[in-house]
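S.K.: Starting from these lines, generate the structure:
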Amino acid sequence: MKGIEQKLNEGRQYRDFNALNPTDEMVVEGYATTFDSPYVLWRDGNYEVREIVDRNAFAETDMTDVVMQYNHEGRVFARNSNGTLTLRVDDNGLHVTALLGGTELGRQLYEEIKGGYTNKMSFGFTVDEDKQEVIEEGDNVRITRTILKIGKLYDVSAVSIPANDQTSIAARNYCEGVIAEVAEEFRKRDERKVQIERIKNMTEVSYGE
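M.R.: Next up, the predicted model:
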């Protein structure tokens, strides 16, 4: 089994989303992600990174063999290739339906979900295209990333807590990189302002003489 860092180096990202709902016949369903609803991905000092999944992000996504796991690791509880996992893109987001009665561990997971011990979902994916918007509000900077195209969907997972290790690491790696890029742009911009001001001052002195 691949480690967390190796998964992240492959560009795989993880996000946590809405609750799972148990139904009859050991079926659970919920949304692995929702569309056009910004959520805070990371905060660092005066910087905040938000993320939005565009409603067309799954239009060309490879979903040929997606599995359902627990915290993105370990045993497979359902799989779309054998009909125990159904993925449907609707107006709200990526809807997941999983039949968990096929294995003993799957039945145990169903009981945990039914009892309310596990009530969140997450999905593992790669991004083919995105865009960023930077807004300054005084000393605060808000960066909004919109995911336009998801390249590959690897798994949907029931998760024990809303921010499991993989999600936290993926978000941190991405956001710290974005914040560093924006901070560098601001630094260069400020340097340019200083240089322009110096040139203006030199010109004024020259004309004054």
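
S.K.: you'd agree Glu60 is in a helix?
M.R.: No. Under the criterion used here (DSSP: H, G, I helix; E, B strand; the rest coil), Glu60 is coil, not part of a helix.

S.K.: how much space is there between it and Gly151?
M.R.: 8 Å (Cβ to Cβ, to the nearest Å). The way it works is simple: take the backbone N, C-alpha and C, and place the C-beta from them, glycine included.

S.K.: Now the common contact residues for these two.
M.R.: Here Glu60 and Gly151 share the contacting residues Asp128, scored by Cβ atoms under 8 Å, 6 or more residues apart in numbering.

S.K.: Compare these two (neighbour count), which wins?
M.R.: Neighbours were counted for Glu60 and for Gly151 using other Cβ atoms under 10 Å; Gly151 has more, 14 against 11.

S.K.: is it true that that one lies in a strand?
M.R.: Yes. Remark: Gly151 belongs to a strand, assigned using three-state DSSP.

S.K.: Now do the contacts for it.
M.R.: Counting by Cβ under 8 Å, 6+ apart, Gly151 touches Thr61, Asp62, Phe125, Thr126, Val127, Asp128.

S.K.: quick one: pLDDT of it?
M.R.: Listed pLDDT for Gly151 reads 96.

S.K.: just Glu73 next, same as before
M.R.: pLDDT, read off for Glu73, is 85.

S.K.: For it, what are phi and psi?
M.R.: The phi and psi values for Glu73, taken as degrees, to the nearest 10, are phi -140, psi 170.

S.K.: roughly how far apart are it and Asp54?
M.R.: 28 Å.

S.K.: Which of the helices and strands in this protein ranks last by mean pLDDT?
M.R.: helix 4-9 (a mean of 57; mean pLDDT, DSSP states H and E).

S.K.: contacting residues around Gly101?
M.R.: With Cβ under 8 Å, 6+ apart, Gly101 has these contacts: Glu25, Met26, Arg107, Tyr110.

S.K.: most neighbours, which of those?
M.R.: Neighbour tally across the contacts of Gly101 (other Cβ under 10 Å): the maximum, 24 neighbours, falls on Tyr110.

S.K.: can you tell me how far that one sits from Thr23?
M.R.: Tyr110 is 10 Å from Thr23, where distance means Cβ to Cβ.

S.K.: before we move on, what about Gly83?
M.R.: Distance from Gly83 to Thr23, counting by Cβ to Cβ: 17 Å.
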